[in-house]
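Colleague: show me the folded form of this:
(2 chains)
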Amino acid sequence: DTGVSQNPRHKITKRGQNVTFRCDPISEHNRLYWYRQTLGQGPEFLTYFQNEAQLEKSRLLSDRFSAERPKGSFSTLEIQRTEQGDSAMYLCASSHGRAGQDTQYFGPGTRLTVL
Amino acid sequence: AQSVAQPEDQVNVAEGNPLTVKCTYSVSGNPYLFWYVQYPNRGLQFLLKYITGDNLVKGSYGFEAEFNKSQTSFHLKKPSALVSDSALYFCAVRAFSGYALNFGKGTSLLVTP
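Modeller: From the prediction side, this is the model:
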C-alpha cells in the first residue's frame, strides 16, 4: 500500500494526558499537511510542512499542539494536556508539490476521544 | 479569505437518476477547486480538481464537475447514480498562492435502490 498511513487509528485518553499521532506520507511527496475534522464539519487546516520546514500554522493550532517532521519524511502531531474539545478526527495529507500535481491525498485519520 | 459553501446538507436521488451536489466558493484570485468523498470511518478520497483549462472536469468513478466563474460555482455531477455512491462529499478551494484547503461542511448523498 503506497498511500498515506496514520497511526494509531483510534486513541482514547483522559483529559490532561498527552497524545502523539504519526503520519507517513506517500513516498516522494515533499509536502505534508495536518487537518482536524469534527462531527458534521469539513476538515479544518492545522499546519503544513515542506520537507522538514513548518511553513504555515493555523490559529487553530494552540500552544498545546506541536507538529514535527524531523527528516522530511514522517510527521508527528502532539497534543499536550488534552481537553474534551480536542476530541476529533485528525487527518494527515501529502502532496507532490510540483505545479499541476499538488493534489492532497489523505490518510485514514486518527480518531481521538478525550474522556 | 477563502471559503466554500455547500448549501445542501443532504441530497437524495434514486439509483439510475442523475445527481448534482452543489458548491459555491469565494477566493481572491484564481481558484484551485477540489471534490473529495468520504466513506464512514475513512479518510477523504480525491475525486477531481479544477486548476485551469476546460470548465468541465472529469474525475473518478464517473463523476464530473463544472466550473462556472461568473457564478463562482463548482457543482459535482454524475449522469447515473449508483447505490454505492452514497457517502459524504466535500468541496474544497485553495488560493493559487496558498497551501491550505478550505472545505465546505459536506453534503450527504443518499442513493436509494
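Colleague: list the contacts of residue 13.
Modeller: Looking at chain A here, since you left the chain open. A:Thr13 makes contacts with A:19, A:82, A:112-115, as judged by Cβ atoms under 8 Å, 6 or more residues apart in numbering or on different chains. Backbone N, C-alpha and C define where each C-beta goes, glycine included.
Colleague: look at chain B instead
Modeller: By Cβ under 8 Å, 6+ apart, B:Val13 lies in contact with B:19, B:81, B:109-112.
Colleague: a markdown table please, covering those and showing neighbour count.
Modeller: Supplementary listing: those in a markdown table, determined by neighbours: other Cβ atoms under 10 Å in any protein chain shown:
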| residue | neighbour count |
| --- | --- |
| B:Leu19 | 20 |
| B:Ala81 | 21 |
| B:Leu109 | 21 |
| B:Leu110 | 13 |
| B:Val111 | 20 |
| B:Thr112 | 11 |
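Colleague: nearest to A:Leu61, of those?
Modeller: Within these, proximity to A:Leu61 (Cβ to Cβ) peaks at B:Leu109, which comes in at 31.6 Å.
Colleague: that closest one belongs to a helix?
Modeller: No: residue assignment for B:Leu109, taken from DSSP: H, G, I helix; E, B strand; the rest coil, gives strand, which places it outside any helix.
Colleague: in what helix or strand does the nearest residue to it once chain neighbours are set aside lie?
Modeller: Sequence neighbours aside, B:Val11 is the residue nearest to B:Leu109 in space, at 5.1 Å (criterion: Cβ to Cβ, 6 or more residues apart in numbering or on different chains). Taking DSSP states H and E as the definition, B:Val11 sits inside strand B:10-14.
Colleague: can you list contacts of the next helix or strand after that strand?
Modeller: Once the chain leaves strand B:10-14, the next helix or strand it forms, by DSSP H and E, is strand B:19-21. By Cβ under 8 Å, 6+ apart, the list of residues contacting strand B:19-21 from outside reads B:6, B:8, B:11, B:13, B:75-78, B:81, B:85, B:89, B:91, B:107, B:109, B:111.
Colleague: returning to what we had before: buried stuff in the strand holding B:Val11?
Modeller: Neighbour-count burial for strand B:10-14, with 16 or more other Cβ atoms under 10 Å in any protein chain shown as criterion, is recorded at B:11, B:13.
Colleague: tell me the mean pLDDT over it?
Modeller: Averaging pLDDT along strand B:10-14 yields 98.
Colleague: same thing with stretch B:29-36?
Modeller: Across stretch B:29-36, the average pLDDT comes to 92.
Colleague: looking at the contacts of A:Thr13, which are in strands?
Modeller: With DSSP state E as the criterion, strands contain A:19, A:112-114 from among the contacts of A:Thr13.
Colleague: determine which two of those residues are furthest apart.
Modeller: Of all pairs drawn from these, the greatest distance, 10.3 Å, lies between A:Val19 and A:Thr113 (Cβ to Cβ).
Colleague: list the residues that contact both of the two?
Modeller: Common contacts of A:Val19 and A:Thr113 (Cβ under 8 Å, 6+ apart): A:11, A:13.
Colleague: look at the residue in chain A that chain B sits nearest to and tell me its secondary structure.
Modeller: Ranking the residues of chain A by distance to chain B (Cβ to the nearest Cβ) places A:Gly42 first, at 3.1 Å. Remark: A:Gly42 carries the secondary structure label coil [criterion: three-state DSSP].
Colleague: do the same with the one 4 residues further on
Modeller: At A:Leu46 the chain is in strand, as set by three-state DSSP.
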